[in-house]
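> need the 3D shape of this:
(chains A, B, C and D)
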Number of protein chains: 2
Amino acid sequence: MSHTSGIRQAQKQKTRQALLDAALELLEGQSLSSLGLREVTRAVGIAPTAFYRHFRSVEDLGVALVEEALGSLHPMIRTTVTPAGEGEERIARAIELIARHVDAYPAHVRFIARERHGGVRPVREAIQEQLARFTAEVGEALAGDAESAGWSEEDLLMLAQLYVDQMLITASLFLEAPASSPEERERVSKVAARQLRLIHVGRQHWLDGTDTAGGR
Amino acid sequence: MSHTSGIRQAQKQKTRQALLDAALELLEGQSLSSLGLREVTRAVGIAPTAFYRHFRSVEDLGVALVEEALGSLHPMIRTTVTPAGEGEERIARAIELIARHVDAYPAHVRFIARERHGGVRPVREAIQEQLARFTAEVGEALAGDAESAGWSEEDLLMLAQLYVDQMLITASLFLEAPASSPEERERVSKVAARQLRLIHVGRQHWLDGTDTAGGR
DNA sequence: CCATGCAGTTAACAACTGTTCTCCCACATT
DNA sequence: AATGTGGGAGAACAGTTGTTAACTGCATGG
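Below is the predicted model of the structure:
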């Protein structure tokens, strides 16, 4: 069943995407739990009943949005943590990447930040699940780093969590910074850089007080 | 005008509080932007129109909730950062305090976490403002600490921000942890403690690479 | 003790919501 | 060329929403 291609299927995907886009735009001024089905279809220009051909409910659409939003976030996180260059340079590059991503997909970032603790259970859980996946990936990336020698897996994961949360906080701050003022954005960058630096310093001296030091 | 006391004023405050309480409870399953005026009055048991005697709109009620919620959070933050005892002990105590607070006021914590990035502008701004105040306070408290000698005010504030954010993240994690399983709560505590410890280590070595070191 | 103020009520409104059922017709299948 | 599948439209439904207006009764201040 279903030639995966064809004019028919293509059109369907197109309106489906239109629904997602319209919803994302409408969500800039409200939360998912107050987004109405009719509101979305009206924005797209189709009948309310057509909505059901694509999603069972608005919650359902929300979960789909999580996939889309964190799908676009996925490659960024990978690139951000990828080891290359010296510490200070890596920090600057990571923050630059975050800033660029927020510029490119502001609605996606806003959606994730808003619905991460939002009022719709299934969406919250979908986000948590994806973020846990990210944390695990960052943990693995960290494990391959020379500075992580001697670290327990538990500690690597807690550091990864720290990085992921910090990344989201920074992204959210960029989002709130008025698009017009580069000075505000610069201020956010500076603070975020210092915080990452402090975490980095903590990382370097994490094992200082351990027996491992005199073990030889 | 207005004897601040009297049967009249007392009753008014009472129903006002009832509205706030009812709203807070209703908000456990949705976001503020989808909370209806009628929904709240229905829960309290008064006519919809009576709502206007206390708040101009649901947004307005939301802002009032921010005051209430962060008012209750305020003393906790103070106590948490107050210097007393050795580092490791302070960390344990801080986390214990957070856990207790989440147990005591789960709805408040949920509300703040949810609406911090929520869909209602005035509420978001009220929360941001209060959090900025907290950050400043924590910054001052940090300044009075022996370990902060030689720190610039800028750095103190970025550290304070790190602590405040970390505190909210931890509170939110406690909230998500099923009330029934103490093992999950213990896991959250452990990770949070390690993260605070790492930040603390970073703090201790923050000035290591500075000229100040060879100044003697 | 009486007149005023004001928390709360009742009734009504136009607008909006999610969901159902029935229909249509362009496309895909044979 | 005939058949049928499925995206979308249309109308109608029972509820719900915020807000208005005019009201009632009681604590209050003179």
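> please, where are all the helices along chain A?
Ranges of helices within chain A are A:7-26, A:37-44, A:58-81, A:87-104, A:106-115, A:121-143, A:153-176, A:182-204, based on DSSP state H.
> highest mean neighbour count out of these?
Among those, ranked by average contacts under mean count of other CB atoms under 10 Å in any protein chain shown, first place goes to helix A:106-115 (a mean of 22). Quick note: C-beta positions are derived from backbone N, CA and C, even for glycine.
> mind telling me which of the helices of chain A the model trusts least?
Of all the helices of chain A, the segment with the smallest mean pLDDT is helix A:58-81, scoring a mean of 88.
> does DNA strand D sit close to it?
No. Helix A:58-81 lies apart from DNA strand D when judged by CB under 7 Å from any atom of the strand; the minimum separation is 13.2 Å.
> what parts of chain A come near DNA strand C?
Close to DNA strand C, as judged by CB under 7 Å from any atom of the strand, chain A has residues A:2-3, A:6-9, A:36-39, A:42, A:48-49, A:51-52, A:57-58.
> OK, contacts around A:Leu35?
Residues near A:Leu35 by CB atoms under 8 Å, 6 or more residues apart in numbering or on different chains: A:Ala23, A:Leu26, A:Leu27, A:Val58.
> from those residues, which single one is nearest A:Arg187?
Of all the contacts of A:Leu35, A:Leu27 has the smallest distance to A:Arg187: 27.1 Å, by CB to CB.
> please report how far the residue nearest to that closest one when sequence neighbours are not counted lies from A:Glu28.
Excluding the flanking residues, the one nearest A:Leu27 by CB to CB, 6 or more residues apart in numbering or on different chains is A:Phe111, at 5.8 Å. For A:Phe111, the distance to A:Glu28 equals 9 Å [CB to CB, to the nearest Å].
> and if you look at A:Trp206?
Taking CB to CB, one finds A:Trp206 at 40 Å from A:Glu28.
> neighbour count winner among those two?
A:Trp206 (20 against 12; other CB atoms under 10 Å in any protein chain shown).
> now do the same for the more buried one: its pLDDT.
Looking at A:Trp206, its pLDDT reads 97.
> now do the contacts for it.
A:Trp151, A:Asp155, B:Leu198, B:Val201.
> which residue packs closest to A:Val188, ignoring adjacent ones?
Counting by CB to CB, 6+ apart, A:Val188 lies nearest to A:Leu173, which is 4.8 Å off, once chain neighbours are set aside.
> spell out which residues of chain A are next to DNA strand D.
A:1-2, A:8, A:11-12, A:15, A:45-50, A:53-54.
> okay, the residues you listed in a markdown table with distance to B:Glu67 next?
Listed next are these as a markdown table, based on distance: CB to CB, whole Å:
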| residue | distance to B:Glu67 |
| --- | --- |
| A:Met1 | 58 |
| A:Ser2 | 56 |
| A:Arg8 | 55 |
| A:Gln11 | 51 |
| A:Lys12 | 49 |
| A:Thr15 | 45 |
| A:Gly45 | 43 |
| A:Ile46 | 43 |
| A:Ala47 | 44 |
| A:Pro48 | 39 |
| A:Thr49 | 44 |
| A:Ala50 | 44 |
| A:Arg53 | 46 |
| A:His54 | 42 |
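> highest neighbour count among the residues you listed?
When neighbours are counted by other CB under 10 Å, A:His54 leads the residues of chain A next to DNA strand D with 19 neighbours.
> give me the distance between it and A:Glu67.
A:His54 is 14 Å from A:Glu67, by CB to CB.
> likewise A:Leu32?
Distance from A:Leu32 to A:Glu67, by CB to CB: 14 Å.
> again with A:Gln166
24 Å.
> so what's A:Asp165 up against?
A:Asp165 touches B:Asp165, B:Ile169, counting by CB under 8 Å, 6+ apart.
> quick check: it vs B:Ile169, distance?
5 Å.
> now A:Ala99
In terms of CB to CB, A:Ala99 sits 22 Å off from B:Ile169.
> next one: A:Glu125
From A:Glu125 across to B:Ile169, the span is 17 Å (CB to CB).
> can you check A:Glu86 too?
29 Å.
> next one: A:Phe174
Distance from A:Phe174 to B:Ile169, by CB to CB: 18 Å.
> with A:Leu37 instead?
33 Å.
> for A:Glu184, same thing?
For A:Glu184, the distance to B:Ile169 - CB to CB - is 24 Å.
> could you do A:Val109 as well?
Distance, A:Val109 to B:Ile169, using CB to CB: 17 Å.
> could you do A:Ala104 as well?
26 Å.
> on that earlier part again, how about the helices of chain A, which one is nearest B:Thr210?
With CB to CB as the measure, helix A:182-204 is the member of those nearest B:Thr210 (11.7 Å).
> quick check: angle from that closest one to helix B:153-176?
Angular relation of helix A:182-204 and helix B:153-176 on a 0 to 180 degree scale: 70 degrees, by axes from the mean of the first three to the mean of the last three CA atoms, to 10 degrees.
> show me the contacts for A:Leu131.
A:Leu70, A:Arg116, A:Val164 are the contacts of A:Leu131 under CB under 8 Å, 6+ apart.
> out of those, who's nearest B:Thr79?
Of the contacts of A:Leu131, the one sitting nearest to B:Thr79 (CB to CB) turns out to be A:Arg116, at 27.8 Å.
> I'd say that closest one and A:Ala126 touch.
No. If you go by CB atoms under 8 Å, A:Arg116 and A:Ala126 don't touch, sitting 10.1 Å apart.
> count the neighbours of A:Gly209 for me.
Using other CB under 10 Å, A:Gly209 is surrounded by 9 other residues.
> quick check: phi and psi on it?
Main-chain torsions, A:Gly209, degrees, to the nearest 10: phi -90, psi 10.
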